[in-house]
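>>> missing the sequence, but the structure's below:
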């Protein structure tokens, strides 16, 4: 998976589920916890995501991830690029499938 795709997917997850833990994100994406932590920290360092503490019901502090206005803008740009790339892959795959069908 491309770095920009990983960033886009994590931004999307955090926008929809701001209380999701890095462990949950890594499990959902099939990434290591270390890679997930690295990407989330990079998003924070870029200023696309900010962290806020909140009190969890089990008396531990947790984090809530909030997309900044810049993060929302970058998510839109990444989504457009992701869609363009996936559409191109889809079109190439359709052609390849038609060629294979004709060979059979």
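Yep, it's here. A quick note: this is a predicted structure, and the numbers were derived from the prediction, not measured.

>>> Could you list the low-pLDDT ranges of the protein?
54-61 (pLDDT under 70).

>>> top helix in it by residue count?
Across the chain, the longest stretch assigned as helix under DSSP state H is helix 69-103.

>>> chain center to it: distance?
16 Å (CA atoms, centre = their mean, to the nearest Å).

>>> which helices and strands does that helix pack with?
On a contact count with 3 or more CB pairs under 8 Å, 6 or more residues apart in numbering; DSSP states H and E, helix 69-103 meets helix 3-16, helix 33-46. Every C-beta, even on glycine, is put in place using the N, C-alpha and C of the backbone.

>>> Could you give the number of residues near residue 49?
By the measure other CB atoms under 10 Å, the count of residues near residue 49 is 24.

>>> quick one: the residue lying closest to it once chain neighbours are set aside and residue 100, what's the gap?
Counting by CB to CB, 6 or more residues apart in numbering, residue 43 is the residue found nearest to residue 49 once chain neighbours are left out, at 4.3 Å. Distance, residue 43 to residue 100, by CB to CB, to the nearest Å: 40 Å.

>>> between the longest helix of the chain and helix 3-16, how many degrees?
Using axes from the mean of the first three to the mean of the last three CA atoms, to 10 degrees, one finds that helix 69-103 and helix 3-16 are set 120 degrees apart in direction.

>>> residue contacts, residue 44?
Neighbouring residues of residue 44 by CB atoms under 8 Å, 6 or more residues apart in numbering: 50, 51.
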